[in-house]
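# Let me see the structure of the following:
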Amino acid sequence: MKAVSRTKRASHLCRAGLSLLAAASAGVQATEGGGSSYPMGAENYMSGAMPPPGLYSQFYVGHYEADSLRGNHGEKVPVDFRVRANSVAPRLIWVTEQQVLGASLAFHAIVPLVDLKVELNGQSQSKQGLGDIIFGPALGYHYSDKLHSIFALDFIAPSGEYNRGDLANIGRNYWVVEPVAAVSYVDPNGLNVDAKIMYDFNQRNNATDYLSGSELHADYAVGWGLGNGWVVGVGGYMDYQTTDDRQNGETVKDNKGRAIAIGPSVKYTSDKGWFLTAKWEQETQVRNRAEGNAYWMKLTVPF
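Reported below is the predicted structural model:
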């Protein structure tokens, strides 16, 4: 009976599939179906440094893969499981000339395109298409040449395809309200530290009457500038589900997710004004989600 229960639990962890976007490390986390609307670990260096007024384009490219599911105590769930997710997510950023509370006012939108494959106990399903879109306003502060911060309010829309009975879904089928605080310390010839901290207020999935718990998570990067445009260091993310899930008005126990990811991270800044970041990150300390690794690249180009 215990093995059967674990198999059912693994199936539940997979059913909602993954939502990838801007860098969707969209692993199968806790919350409904073990997923998260935000792509954990997508951001890297310069996440808290708003550029000068103007239009900017960013392109996130991500690859995530996992072959194990972890339970509530970190134990490996005994099922045959694999997930592979690729994403390309263009982002448009408009930094206005307008000042609000002493900060630069900006707006952005991220439109992810996702290729997802999930395998579970001999069953397999693939989907490709538009994922859940992220958009919102932001305020950028510049305290010095090196220290910067961004405060934003993002909204994640349920624009990706979702079917309740499918093994793989590229949408979550619920809205998310996500306050954001990011800070960057940038030194081309020394220490670079970046942290983007977010809190997800997940809304109800009306198709399943499931309310996923809130999540506190952060993308981070720490590196050293070599003085020639290159920064080398480490990066990753931390995720902690702060409240229980609820379905049909009842608390879903022992389903809070958490994870830590870390790996090498680099940045190159061109004298033409564009910059590129790249990293690989391995997940560890995982609870109630898939455990895997991800590759990310982000290209920022001014118009």
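
# in its sheet, what does the lengthiest strand in the chain sit against?
Counting residues, the longest strand found in the chain (DSSP state E) is strand 81-100. Applying DSSP bridges, strand 81-100 is found paired with strand 54-70 (antiparallel), strand 103-110 (antiparallel), strand 113-120 (antiparallel).

# Pull out the buried positions in that strand.
Neighbour counts over strand 81-100 (16 or more other C-beta atoms under 10 Å) mark Phe81, Val83, Arg84, Ala85, Asn86, Ser87, Ala89, Arg91, Ile93, Val95 as buried. C-beta here means a position set from N, CA and C on the backbone, and glycine is covered the same way.

# Just grab the bridge partners of the third one for me.
When bridges are taken as DSSP bridges, the partners of Arg84 come out as Glu65, Lys117.

# wait, what's in contact with it?
Contact partners of Arg84, counting by C-beta atoms under 8 Å, 6 or more residues apart in numbering, are His63, Tyr64, Glu65, Leu116, Lys117.

# From the centroid of the protein, which residue is nearest?
In the chain, the centroid-proximal residue (C-alpha atoms, centre = their mean) is Pro39; its distance is 1.8 Å.

# wait, isn't that residue in contact with Ala85?
No: between Pro39 and Ala85 there is no contact under C-beta atoms under 8 Å: 9.3 Å.

# any idea how far the nearest residue in space to Val100 that is not next to it in sequence is from Thr208?
Spatial nearest neighbour of Val100, chain neighbours left out: Leu139 (6.0 Å); criterion: C-beta to C-beta, 6 or more residues apart in numbering. Here Leu139 is placed at a distance of 36 Å from Thr208 (C-beta to C-beta, to the nearest Å).

# cool, and Gly190?
For Gly190, the distance to Thr208 - C-beta to C-beta - is 50 Å.

# Between the two, point out the one with more neighbours.
Ranked by neighbour count (other C-beta atoms under 10 Å), Gly190 and Thr208 place Thr208 first, with 17 against 14.

# need the contact list for the more buried one.
By C-beta under 8 Å, 6+ apart, Thr208 lies in contact with Glu32, Arg164, Asn173, Gln247.

# Most neighbours among the residues you listed, which one is it?
The residue in the contacts of Thr208 with the most neighbours, by other C-beta under 10 Å, is Glu32 (27 neighbours).

# mind listing what that one touches?
So Glu32 contacts Ala16, Arg172, Asn205, Thr208, Tyr210, Ser212, Asp245, Gln247 (C-beta under 8 Å, 6+ apart).

# do Gly236 as well
Gly236 sits next to Gly41, Asp219, Tyr220, Ile260, Ala261, Ile262, Gly263, Ser265, Lys279, Glu281 when contact means C-beta under 8 Å, 6+ apart.

# can you rerun that using 10 Å?
Going by C-beta atoms under 10 Å, 6 or more residues apart in numbering, Gly236 touches 25, 40-41, 44, 218-222, 259-265, 279-284, 294.
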